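>>> Show me the folded form of this:
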Amino acid sequence: FFNGISCSSLFVSQVILPGNNLVGSLPWNDLIESWSNSLVTFNLARNPSLKGTLPSEFGLMTNLKTLSLWATSLSGSLPAELSGCSSLETLLLYMNSLRGTLPAEWGGNESFASSLTSLSLWNNQLTGTIPTSLGALTELVTLGLDVNQLTGTFPTTFSQLTNLSDLYLEHNQLEGDLDPLFCSPRGNENLSTSWTILWSDCLGDSPEVNCSCCTACYDNAQCCYSPVKTNTDSSNGTSPVKSCVNFLDAPAISSYCL
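Presented below is the predicted three-dimensional model:
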C-alpha cells in the first residue's frame, strides 16, 4: 500500500510512521471510526510536533496489539477506556506531557490485564498513587513509571507481577519497602536473581525506598548506585559504585548503571 501503511482484506491493519516529522493534530475520531476493527499496529513515535490528547474511543480497537506514541507532544490524561483494547500487548507513551493519575480501570479488565506485556509511561507528569488494581497486569514483563510525580507506597499487589524483569520506579516521590515484594524468595524461585533492571530511589543517607535487590539506586541528585561484580569481596562478590549522570541520557545510564 503506502510506505508505512499496510492493509489486510482492504482494511488498514498497520500504521508505522515513526520519526517522519509529522506535524499537527490527528483526526482521531475519523481514524478510529475507520480502523477500529482492523488496526493491529499504530506507531507514530518520535514525531514531536504531533499534538493532541488520547481519546477514550481508542478502547474500541479490540484488535490493536501495539500502540506506540512516545516522544510526541501528547497532553491530557490517560483514558480509562484504553482497557477496552483487549488484545493490546505493547503500550508506549513515554516522553510526553501526560498528566493526571494512573487509571485503576486498567487492572479491572481481564482481557486487557492478560494481554499487556509492556507498559512504558516514563518522563510524563503523572501524579497520585499507584492503583492496587495494576497488580492484575500479571503478564507484564516491562513496566516503566519513572520520571513522574507519583506518590505513596508500593501496592502489595505488585507481588503478583511475577513475570516482570524490567521495572523502572526511580525519580518519583514513592516510598516504602520493595524487599517483601520483589527481593525475597518465593517458593523455590529466588526473585532477587531474576531482574534484568530494577531501578528505584534507594540511594542516600535516608532513601525513600528500601530495596536490597535493585540493580541501580537513584537519589534526587541524579546519582545512581550499581552493584558491580568484583573479585575482592568474597562475601557477595559485589562492591558499590556510585556515579552521577543525567537520568535522561540513555548512553550514560547504560554505561554507569548496568
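
>>> Now do the end-to-end distance for stretch 46-61.
The first and last residues of stretch 46-61 sit 22 Å apart, counting by CA to CA, to the nearest Å.

>>> how about that stretch: buried residues?
Arg46, Asn47, Leu50, Gly52, Leu54, Pro55, Glu57, Phe58, Gly59, Leu60, Met61 (16 or more other CB atoms under 10 Å). Backbone N, C-alpha and C define where each C-beta goes, glycine included.

>>> ok, those vs Pro79, which is closest?
Of all these, Pro79 sits closest to Leu54, with 5.4 Å by CB to CB.

>>> quick one: average confidence on stretch 24-41?
Averaging pLDDT along stretch 24-41 gives 84.

>>> in it, what's buried?
Buried residues in stretch 24-41, counted by 16+ other CB under 10 Å: Leu26, Leu31, Ile32, Trp35, Ser36, Ser38, Leu39, Val40.

>>> ok, the third one - contacts?
Spelled out, it's Ile32. Pro55, Glu57, Phe58, Leu60, Met61 (CB atoms under 8 Å, 6 or more residues apart in numbering).

>>> Out of those residues, flag the one nearest to Ile16.
Distance to Ile16, by CB to CB, is smallest for Met61 among these, at 15.6 Å.

>>> shouldn't the closest one be in contact with Ser36?
Yes - contact status for Met61 versus Ser36: in contact at 5.3 Å, counting by CB atoms under 8 Å.

>>> Nearest to Met95, out of the buried residues of stretch 24-41: which one, please.
Closest approach between the buried residues of stretch 24-41 and Met95, by CB to CB: Leu26, at 17.7 Å.

>>> Bridge partners for the closest residue to the closest one other than its chain neighbours, pull those for me.
Computed as CB to CB, 6 or more residues apart in numbering, the closest residue to Leu26 that is not its neighbour in sequence is Gly52, at 6.0 Å. For Gly52, the beta-bridge partners are Leu74 (DSSP bridges).

>>> okay but Gly52 is in contact with Val23, surely?
No - counting by CB under 8 Å, Gly52 stays clear of Val23, with 11.6 Å between them.

>>> Tell me which residues touch the residue nearest to Leu26, please.
Contact partners of Gly52, counting by CB under 8 Å, 6+ apart, are Ser25, Leu26, Trp28, Ser73, Leu74, Ser75, Gly76.

>>> phi, psi of the second one?
I take that to be Leu26. Here is the backbone geometry of Leu26 (degrees, to the nearest 10): phi -80, psi 140.
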